[in-house]
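In: Just the structure for this:
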Amino acid sequence: MQLASHPLSRDEQIHRLRTEQFDLAVIGGGINGAAVARDAAMRGLRVALIDKGDFAGQTSSCSTKLIHGGLRYLPQGQLRLVYEALHERERLSRITAPHLVRPIPFLFPVYSGRTVSRLALSAGLFVYDLLALTPPPYRHQRLSADAIAAIEPALARGGLRGGALYYDGHADDSRLTLENVLDAIVHGAAAANYMELTGFDKRAGTIRAAHVEDVASGSGLAIRAGIFVNASGPWVDAVRRMDDPGAEPTLRLTKGVHLMLKPERVPVRNSLVLSDGQGRIVFLIRNRDWVLLGTTDTDYDGAPEQVHAQAADVDYLLKVVSKTVADARLDYQDVATSFAGLRSLVAVKGIKAPSMLPREELILAANSGMVSIAGGKLTTHRRIAERVVDLVCRELGKPSGKSPTLTTPLPGARPCSQTLPPADTITAAPRTELAERYGTRLALLEAIVEQQPWLGQPLGPQCPILAVEAVFAARFEMARTLEDFMVRRTALARRNPAQAEAVAPRAACLMGSELGWTAERVNLEVGQFGAALAASRKF
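Out: Next up is the predicted model:
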């Protein structure tokens with residue numbers, strides 16, 4: 001099935017949520033909820049999907065952007081998780097989303113007394129490659145200290161014993177989530193962001209409807225469904241308590257902080273795996289124009305919507321770099337922006353260190369007709385959704401069959417219904433980056449530029465984002481705020497916050513022309529986005 005080439009109307013989606021009877025209603029538009037909605041819709045179920053914020057608005061846009069097996073889980077004995085994750089990594093990079101998931105090489109230096117031994121690392125990577133059936137060009141290479149230093153001269157030489165070069169997957173987590181949402185809609189689901197759950201209507205102990213409020217208008221509606229899937233991430237237990245006030249907590253929330261560093265201040269050529277000397281690893285990911293450093297793993301007991309980077313988080317991450325990169329003298333001024341998310345991990349008695357908690361998902365079915373998902377990894381979202389929908393089909397008394405998601409590409413990886421010649425006003429360099437963001441759906445952007453060539457120009461001088469993308473986000477991707485566009489549709493706010501701030505007024509005007517914003521609303525959006533950027537730089 002091809003992606004429809006007509007605009008997505010949120011009002012139409014809300015009308016469907018209000019008037020239709022669904023087999024399945026999914027609460028939470030993060031990666032797990034989006035994947036469940038897609039899988040269920042592809043199997044022919046009538047599906048509703050809501051999120052109280054934007055799709056991928058919380059944890060699913062705040063990851064390390066890695067699609068990986070989790071090398072550090074091997075010593076913990078989580079072989080099943082690593083095996084499944086590696087196979088899902090290969091599926092995503094080769095079949096489901098090759099436009100979004102691409103190989104990334106990592107240099108893993110080994111230091112005496114601070115990291116695992118060269119032998120242990122090589123053995124772990126051998127198992128890693130074996131479980132993934134890694135093709136020869138991407139299998140790990142064991143390297144001597146001299147070879148490591150030649151590849152990355154910025155590394156400290158004291159105690160360096162060698163290391164390895166290996167490959168994993170890198171992806172835009174927000175767009176991966178969004179394409180799952182879009183594909184669910186293509187297959188018949190009704191989905192809307194900024195729709196907040198306020199309660200349930202129950203009869204004889206069974207949930208019959210979910211009461212929801214449109215955050216934008218304040219109007220309410222009831223979504224009627226046979227089964228309700230609670231995929232609300234950090235809010236899983238809160239939603240469970242809406243159903244059953246006596247529900248025992250299942251989650252242990254841990255905070256993951258990431259820093260976007262000014263690339264000119266980071267004297268390394270490669271993406272690195274760094275050790276903190278206490279058994280944890282931190283990734284330093286270098287791309288063309290940005291450097292991502294993360295992540296932390298600490299317990300969190302505050303309000304989920306208020307999670308943010310603190311001084312201790314920044315100090316920890318910068319210290320990890322300074323231990324390994326000899327000439328790095330990084331301080332707070334070198335942090336362009338930060339972001340933080342919460343891992344919704346399954347609480348296990350007796351485990352004190354957050355990094356030792358299992359990453360496997362837990363699926364809980366309540367007698368009320370609610371199915372809750374806790375835990376899981378970005379990489380294994382498709383497999384988690386498959387298990388949930390299998391359970392839902394059994395509960396509904398419907399045949400589950402084989403999940404179509406096993407072999408069906410996401411929208412940007414399959415033919416688009418819009419087939420136009422390339423627009424002359426989009427140059428080759430931006431088209432390459434656009435293809436990495438939209439895949440074959442780039443044809444939809446080109447169709448807009450064909451009609452309005454001026455939209456093929458950058459939003460501002462040297463800006464990698466085109467004006468057409470602001471229009472496209474509002475028209476085809478349900479972006480409702482300037483932050484939706486800057487953070488989750490294009491990631492410009494993360495990769496180059498200064499540039500994002502400079503082009504914000506123009507982007508807001510373009511979105512406003514699509515969404516009917518007044519001049520006052522445009523100014524409000526620019527102001528709120530600027531405040532969010534400023535907050536991301538305060539620790």
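In: mind checking which helix or strand of the chain has the lowest mean pLDDT?
Out: Averaged element by element with mean pLDDT, DSSP states H and E, the chain has its least confident helix or strand at helix 428-438 (a mean of 86).
In: Summarise which helices and strands that one is packed against.
Out: Using 3 or more CB pairs under 8 Å, 6 or more residues apart in numbering; DSSP states H and E as the contact criterion, the secondary-structure elements in contact with helix 428-438 are helix 442-451. For every residue, glycine as well, the C-beta is placed using N, CA and C.
In: avg pLDDT for the helix it packs on?
Out: Summarised as a single mean, pLDDT over helix 442-451 is 92.
In: Give me the distance between the closest residue to residue 133 other than its chain neighbours and residue 386.
Out: Once flanking residues are discounted, residue 133 sits nearest to residue 90: 7.2 Å by CB to CB, 6 or more residues apart in numbering. With distances defined as CB to CB, to the nearest Å, the gap from residue 90 to residue 386 amounts to 16 Å.
In: One more: residue 108?
Out: 32 Å.
In: for residue 323, same thing?
Out: Between residue 323 and residue 386 the computed distance is 41 Å (CB to CB).
In: Retrieve the pLDDT associated with the most far-flung residue of the chain relative to its centre.
Out: Going by CA atoms, centre = their mean, the residue of the chain most distant from its centre is residue 204, 38.1 Å out. The score at residue 204 is 93. That number is its pLDDT.
In: State whether residue 348 is indeed within a strand.
Out: No - with DSSP: H, G, I helix; E, B strand; the rest coil as the criterion, residue 348 is coil rather than part of a strand.
In: Just give me the neighbour total for it.
Out: Residues contacting residue 348 under the criterion other CB atoms under 10 Å number 10.
In: One more: residue 205?
Out: For residue 205, the number of neighbouring residues by other CB under 10 Å comes to 11.
In: Does it touch residue 244 like I think?
Out: No - contact between residue 205 and residue 244 fails when scored by CB atoms under 8 Å: they sit 9.6 Å apart.
In: what do these two both touch?
Out: Each of residue 368 lies in contact with both residue 205 and residue 244 under the rule CB atoms under 8 Å, 6 or more residues apart in numbering.
In: Which element, helix or strand, includes the residue nearest to residue 133?
Out: For residue 90, the enclosing helix or strand under DSSP states H and E is helix 79-91.
In: What helices and strands are in contact with that helix?
Out: Counting contacts by 3+ CB pairs under 8 Å, 6+ apart, the secondary-structure elements packed against helix 79-91 are helix 118-132, helix 381-396.
In: Give me the angle between that helix and helix 118-132.
Out: Helix 79-91 and helix 118-132 meet at an angle of 60 degrees, taking axes from the mean of the first three to the mean of the last three CA atoms, to 10 degrees as the criterion.
In: any idea of the angle helix 79-91 forms with helix 381-396?
Out: Helix 79-91 and helix 381-396 are oriented at 110 degrees to each other (the same axes, to 10 degrees).
In: OK, contacts around residue 262?
Out: For residue 262, the residues meeting the contact criterion (CB under 8 Å, 6+ apart) are 291, 334, 335, 336.
In: mind listing what's buried in the least confident helix or strand of the chain?
Out: Applying a neighbour-count criterion of 16 or more other CB atoms under 10 Å, one finds 430, 431, 434, 437, 438 buried in helix 428-438.
In: Check stretch 272-285 too.
Out: For stretch 272-285, a neighbour-count test (16+ other CB under 10 Å) marks 272, 273, 274, 275, 276, 280, 281, 282, 283, 284, 285 as buried.
In: Who is residue 254 paired with across the strands?
Out: In this structure, residue 254 bridges to residue 299, residue 343 when assessed by DSSP bridges.
In: Quick check: it touching residue 300?
Out: Yes - counting by CB under 8 Å, residue 254 does reach residue 300; the two are 6.1 Å apart.
In: joint contacts of these two?
Out: Jointly contacting residue 254 and residue 300 under the rule CB under 8 Å, 6+ apart are residue 342.
In: can you count the residues close to the closest residue to residue 434 other than its chain neighbours?
Out: In space, not counting the residues next to it along the chain, residue 434 is nearest to residue 442; the distance is 5.1 Å by CB to CB, 6+ apart. Burial of residue 442 is recorded as 22 neighbouring residues (other CB under 10 Å).
In: do you know how far residue 442 is from residue 244?
Out: The value you get for residue 442 to residue 244, if CB to CB is used, is 47 Å.
In: Kindly report the same for residue 330.
Out: Looking at residue 330 against residue 244, where the rule is CB to CB, the gap reads 48 Å.
In: And residue 190, by the same measure?
Out: With distances taken as CB to CB, residue 190 is found 27 Å from residue 244.
In: what do you get for residue 319?
Out: Taking CB to CB as the criterion, residue 319 is separated from residue 244 by 44 Å.
In: Identify each buried residue in stretch 76-95, please.
Out: The neighbour-count criterion (16+ other CB under 10 Å) identifies 78, 81-82, 84-93 as the buried residues of stretch 76-95.
In: Pull the residues that contact that stretch.
Out: Outside of stretch 76-95, the residues that reach it under the criterion CB under 8 Å, 6+ apart are 67-71, 73-74, 98, 100-103, 128, 131-133, 168-169, 171, 176, 356, 358-360, 377, 379-383, 406-407, 409, 413.
In: Could you do stretch 452-472 as well?
Out: In this structure, residues lying in contact with stretch 452-472 by CB under 8 Å, 6+ apart are 289, 423-426, 430, 433-434, 444-445, 448-449, 485, 489-490, 492, 496, 499, 502-503, 506-507, 510-511, 513-514.
In: what comes up buried for it?
Out: Buried residues in stretch 452-472, counted by 16+ other CB under 10 Å: 455-460, 463-472.
In: Can you list the buried residues in the longest helix along the chain?
Out: Among the segments of the chain that qualify as a helix by DSSP state H, the longest is helix 497-515. Of the residues in helix 497-515, those buried under the neighbour-count criterion (16+ other CB under 10 Å) are 497, 499-501, 503-512, 514-515.
In: tell me the centre residue of this structure?
Out: Taking CA atoms, centre = their mean as the criterion, residue 173 is the residue nearest the geometric centre of the chain, at 2.6 Å.
In: can I assume it is in contact with residue 377?
Out: No - here residue 173 does not reach residue 377: they are 11.1 Å apart, not a contact under CB under 8 Å.
In: Tell me how far the helix holding residue 90 lies from the chain's centre.
Out: Offset of helix 79-91 from its chain centre (CA atoms, centre = their mean, to the nearest Å): 17 Å.
In: Wait, residue 157 touches residue 146, no?
Out: No - with contact defined as CB under 8 Å, residue 157 and residue 146 do not form a contacting pair (9.8 Å).
In: picking that back up, the more surrounded of residue 330 and residue 244?
Out: residue 330 (21 against 14).
In: and the more buried one, what is it in contact with?
Out: For residue 330, the contacting residues are 261, 265, 266, 318, 321, 322, taking CB under 8 Å, 6+ apart as the criterion.
In: again, 6 Å this time
Out: 318, 321 (CB atoms under 6 Å, 6 or more residues apart in numbering).
In: mind checking how far it is from residue 66?
Out: Following CB to CB, the distance that separates residue 330 from residue 66 is 22 Å.
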